[in-house]
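Engineer: The sequence and its predicted three-dimensional model are supplied below.
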Amino acid sequence: MNDGATTDLELRLRGIFADDAARAPQAGGLSGRVRRRVRRGRAGRVAGVAAAAVAVLAVGGALLPGGLPWRSTSVGTVPPSAAGQAVGGGGEASCAWAYSPQAVAEHADLVLDGTVTRVGPRWVTLTGMPFDWVDVTLQVNRWLRGGSADSVVISMPAPAPSGVWVEDQEGAPQYWVGTRLLVSATARSADQHGSAAGMALWGCGGFTRYYSPEQAALWAAAVG
Amino acid sequence: MDVEAFVEQQGGALLRLAYVLTGDRHRAEDLAQTALVDVYRHWRKVSAARDPQAYARRVLVNAHLSAHRRRWTRERPAPIDERDAGTVADPADAVAEREALRSRLAALAPRARTVLVLRYWADLDDAAIAEAMGIAPATVRATAARALATLRAAEPALDEGDRS
């Protein structure tokens, strides 16, 4: 720690964080929502996810979090060399766990092989500001866990808008219309965000990777 | 303690931590739920851990950072407003000064801001911060030092002593 000279800055930081904490939402009902999310059970989630996917397809973007259109230039090509790699350089770890097919099996509510068919609409905050998340529609090639619909909408970090692949994957994730993904996701309760999408890429089940037959086989074996 | 009691007892603290980290009540609720659902699903392992609260905190912090990782993977210097540099704030303008500092905080990389939150709000020592973030204590110290330097650089006249 620095000497006393930094005390003023530290004190002001403490003050700001304390102010923020004082404005935090109350936890009333949090434990109940957690219990419901846990007790919904896998079978319940399967039905719920499938229904959510159908609902989203039926209403288009009307019920989605944002409603802002994402640039339609969300088309690009992922090179064959990326097959099996984590999307965006993330996915090597999720929460406290390193990636493995077993970790996918243990933590993901939703696992599928799908091809991106639409990117958007983008999320917005309650104040209308754009947020770095977007709802992505995928044509499902194969469900491994969590649904049965032909298409599904997943909330994901927004992709790089350029559509031009770069090897350095430390920027925005690189997926576009036409990209085939192995998706693992965490189910999100319906009372969050007012979203009909019902699930999110991130969370403790997010290990999404570019499709490869080898990874798909490993995931299928692990998920059972 | 059973899992229900743990969730009741720790839910509020985790939600506050999530809110201080994100500044967004919906994302905070999502993060807190993510951590607590994981605690539920792995309660046997969690309850056997030396510090179940630290386990839940680690899940929350990593979920928070994972959400940013794809967009914010490099430490970024905070933008310094030239109009602020080298000027002495009017003491009566403390609110504006605080908001300026808040803006500079928001411009820090998520990992840097997380270190500051865990240090100055959660009052964790470097070892506990390192455990929560899955990084080395030396990285915690280096990240905190850079973040503080970035914040100080924007207000040299206010923190004259910081450079001593």
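Structural biologist: Structure's in. What do you need?
Engineer: May I have stretch A:106-125 as PDB, with CA atoms only?
Structural biologist: Output in PDB follows, covering the C-alpha atoms of stretch A:106-125 (Å, rounded to 0.1, in the frame of the first residue of the first chain):
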ATOM      1  CA  GLU A 106     -21.500 -29.900 -15.500                       C
ATOM      2  CA  HIS A 107     -22.300 -26.200 -15.800                       C
ATOM      3  CA  ALA A 108     -24.300 -25.500 -19.000                       C
ATOM      4  CA  ASP A 109     -28.000 -25.600 -19.100                       C
ATOM      5  CA  LEU A 110     -28.100 -25.400 -22.900                       C
ATOM      6  CA  VAL A 111     -25.800 -27.100 -25.300                       C
ATOM      7  CA  LEU A 112     -26.100 -27.100 -29.100                       C
ATOM      8  CA  ASP A 113     -24.500 -27.100 -32.400                       C
ATOM      9  CA  GLY A 114     -25.900 -24.200 -34.400                       C
ATOM     10  CA  THR A 115     -25.300 -21.800 -37.200                       C
ATOM     11  CA  VAL A 116     -25.900 -18.000 -36.800                       C
ATOM     12  CA  THR A 117     -28.700 -16.800 -39.000                       C
ATOM     13  CA  ARG A 118     -29.300 -13.400 -37.500                       C
ATOM     14  CA  VAL A 119     -27.400 -10.900 -35.300                       C
ATOM     15  CA  GLY A 120     -29.600  -8.500 -33.400                       C
ATOM     16  CA  PRO A 121     -31.300  -6.700 -32.000                       C
ATOM     17  CA  ARG A 122     -28.800  -5.200 -29.600                       C
ATOM     18  CA  TRP A 123     -29.400  -4.800 -25.900                       C
ATOM     19  CA  VAL A 124     -30.000  -1.400 -24.400                       C
ATOM     20  CA  THR A 125     -29.800  -0.400 -20.700                       C
END
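Engineer: which parts of it are buried?
Structural biologist: Of the residues in stretch A:106-125, A:107-116, A:118-124 count as buried by neighbour count, 16 or more other CB atoms under 10 Å in any protein chain shown. Just so you know, the C-beta spots here come from the backbone N, C-alpha and C atoms, and that holds for glycine as well.
Engineer: quick one: what helix or strand has residue A:77 in it?
Structural biologist: If you go by DSSP states H and E, residue A:77 is not part of any helix or strand.
Engineer: Surely it and residue A:165 touch.
Structural biologist: Yes - between residue A:77 and residue A:165 there is a contact at 6.3 Å, judged by CB atoms under 8 Å.
Engineer: for residue B:117, what are its contacts?
Structural biologist: A:17, B:17, B:20, B:21 (CB atoms under 8 Å, 6 or more residues apart in numbering or on different chains).
Engineer: how close does the last one sit to residue A:114?
Structural biologist: By that I understand residue B:21. The gap separating residue B:21 from residue A:114 is 31 Å, by CB to CB, to the nearest Å.
Engineer: cool, and the second one?
Structural biologist: The gap separating residue B:17 from residue A:114 is 34 Å, by CB to CB.
Engineer: buried ones in the host helix or strand of residue B:5?
Structural biologist: Using DSSP H and E, residue B:5 sits in helix B:3-22. For helix B:3-22, a neighbour-count test (16+ other CB under 10 Å) marks B:3, B:6-8, B:10-22 as buried.
Engineer: mind listing the helices for chain A?
Structural biologist: Here chain A has its helices, by DSSP state H, at A:7-22, A:30-39, A:41-59, A:101-107, A:213-223.
Engineer: For stretch A:85-95, the averaged confidence score.
Structural biologist: Computed over stretch A:85-95, the mean pLDDT rounds to 61.
Engineer: Let me fix that, I meant to ask about stretch A:216-223.
Structural biologist: Per-residue scores along stretch A:216-223 average to 95.
Engineer: If you count neighbours, what's buried in that stretch?
Structural biologist: A:216, A:218, A:219, A:220, A:222, A:223.
Engineer: Tell me the spatial nearest neighbour of residue B:59, not counting adjacent residues.
Structural biologist: Spatial nearest neighbour of residue B:59, chain neighbours left out: residue B:35 (4.4 Å); criterion: CB to CB, 6 or more residues apart in numbering or on different chains.
Engineer: domain ranges for chain B?
Structural biologist: When chain B is parsed with automatic domain parsing, its domains come out as B:1-71, B:75-164.
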